[in-house]
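*Asks:* pasted the sequence and its predicted model underneath.
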Amino acid sequence: PFTGLPVPSVAWFRGLGVLRETDSIATKHTRNSTSLIVRKIRKADGGKYRVVIKNKLGEESTELTFNIIGKPGVPTGPVEFEEVGPESITLNWKPPTDDGGSYVTNYVVERSENRGVSWVYVSSNVKRANLRVTKLTENKEYIFRISA
């Protein structure tokens, strides 16, 4: 909200240029307020925005930074298998190249014993990009799947 006499004009900027309204980005103004409306937000909509309110007596502005947070990408492979034993294995992988705009808080590791027909959780709270999987059966084939 704002007030001013004479009634001030409002302009929105993105980066160094005037904000261009699209099907997904619009502004709405009343006599004493302004809103930025973003529909179907995408990662590309993030960044710095600035609103300038002015009349012949002066101007005020404020800057807003939008960080769009979404689902991270898949961990980067290939998965490395280390310390392979008859009943355990250590899995190592690299974090996703796209973190979704935030830190990856945990990984979910699943395994399949039937070539991916069904999956069971090994752990849903893995904090690092590696995990020692235990309680495996010797000479049994496993498929592992990792998500962030």
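*Replies:* That came through fine.
*Asks:* neighbours of the residue nearest to Ser33 when sequence neighbours are not counted, just the number please.
*Replies:* Nearest-residue entry for Ser33: Pro1, 4.9 Å, with adjacent residues in sequence omitted and distances by CB to CB, 6 or more residues apart in numbering. Placement of C-beta: from N, CA and C, glycine included. Taking other CB atoms under 10 Å as the criterion, the count of residues near Pro1 is 6.
*Asks:* verify the contact between Pro1 and Ser35 for me.
*Replies:* No - the pair formed by Pro1 and Ser35 falls short of the contact definition of CB atoms under 8 Å, at 10.5 Å.
*Asks:* wait, what's in contact with the spatially closest residue to Lys48 that is not a sequence neighbour?
*Replies:* With CB to CB, 6+ apart as the criterion, Lys48 has its nearest non-adjacent residue at 5.3 Å, and that residue is Thr65. With contacts defined as CB atoms under 8 Å, 6 or more residues apart in numbering, Thr65 is in contact with 47-49.
*Asks:* now Glu113
*Replies:* By CB under 8 Å, 6+ apart, the contact set of Glu113 is 140-142.
*Asks:* repeat that for 10 Å
*Replies:* Contact criterion CB atoms under 10 Å, 6 or more residues apart in numbering gives 119-120, 136-137, 140-143 as the residues in contact with Glu113.
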